[in-house]
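In: give me a model of this one.
(2 chains)
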2 protein chains.
Amino acid sequence: MKDDALSCPAYEAIQILQEKWVLHIISTLLEGPRGFNELGREIGGCNPTTLAQRLERLEALGLVSKTVCSVMPPRSSYELTDSGKELRSVIEAIHNWGKKHLVALPLVQIA
Amino acid sequence: MKDDALSCPAYEAIQILQEKWVLHIISTLLEGPRGFNELGREIGGCNPTTLAQRLERLEALGLVSKTVCSVMPPRSSYELTDSGKELRSVIEAIHNWGKKHLVALPLVQIA
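Out: From the prediction side, this is the model:
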């Protein structure tokens, strides 16, 4: 491990973003606030327990904020904070790279 | 799931990059070619079996190339292909975001 790895913000940023579904969550919330179920449907493949854990962690990190609407049953809405929204440059770079380099790849290699 | 998710290069790019250690591997190889053990040491925390699997997958995707030197014992060197090197914009965006937003966070939240 690099000597400065544990205190290096670049290393820590990767640690956060490499957690499965986190990039998908951020990519989806960049389009606007989402309810919990709606977010799960749009991401696809992430079970509700994992999604709840990821959102809780992103909230703790100050990247996502949660609003609970006082209707019955209560509904939660999730949106990116200003820090979270600044991940747009990361998601855009990933999308641009994907469009340029993945269109030629057979899907079987990616699945 | 979005209707076009399975055939969307942006979605697929996230699927590839969210796999644990992949961003670390790419970030390290952007600094130059590395031997297997050297790469493992620099990344830190990734066991050799997982590292070998990730490298094999990145090779299959055409992002990493492997050169085997015919010395005894044989040594492998890994480097990014042109497609892999173009992930520099993604890694730079992540690093820039980390430097701006993570310095103020207590480490306990990230570990």
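
In: enumerate every residue touching the residue nearest to residue A:18 when sequence neighbours are not counted.
Out: In space, residue A:18 comes closest to residue B:23 once its chain neighbours are excluded; the distance is 5.0 Å by C-beta to C-beta, 6 or more residues apart in numbering or on different chains. Just so you know, the C-beta spots here come from the backbone N, C-alpha and C atoms, and that holds for glycine as well. Counting by C-beta atoms under 8 Å, 6 or more residues apart in numbering or on different chains, residue B:23 makes contact with A:14, A:17-18, B:17, B:91, B:94.

In: just the helices in chain A please.
Out: Along chain A, the stretches classed as helices by DSSP state H are A:9-17, A:22-29, A:36-43, A:48-60, A:82-85, A:88-101, A:107-110.

In: about what we covered before: and the contacts of residue B:23, which is closest to residue A:58?
Out: Nearest to residue A:58 out of the contacts of residue B:23 is residue A:17 (C-beta to C-beta; 10.5 Å).

In: hmm, the closest one is touching residue B:93, no?
Out: No. The criterion here is C-beta atoms under 8 Å, and residue A:17 misses it with residue B:93 at 10.2 Å.

In: mutual contacts of these two, please.
Out: Shared contacts of residue A:17 and residue B:93, counting by C-beta under 8 Å, 6+ apart, come down to residue A:90.

In: so for the two, which residue has more residues nearby?
Out: Using other C-beta atoms under 10 Å in any protein chain shown as the criterion, residue A:17 and residue B:93 rank with residue A:17 on top: 23 against 20.
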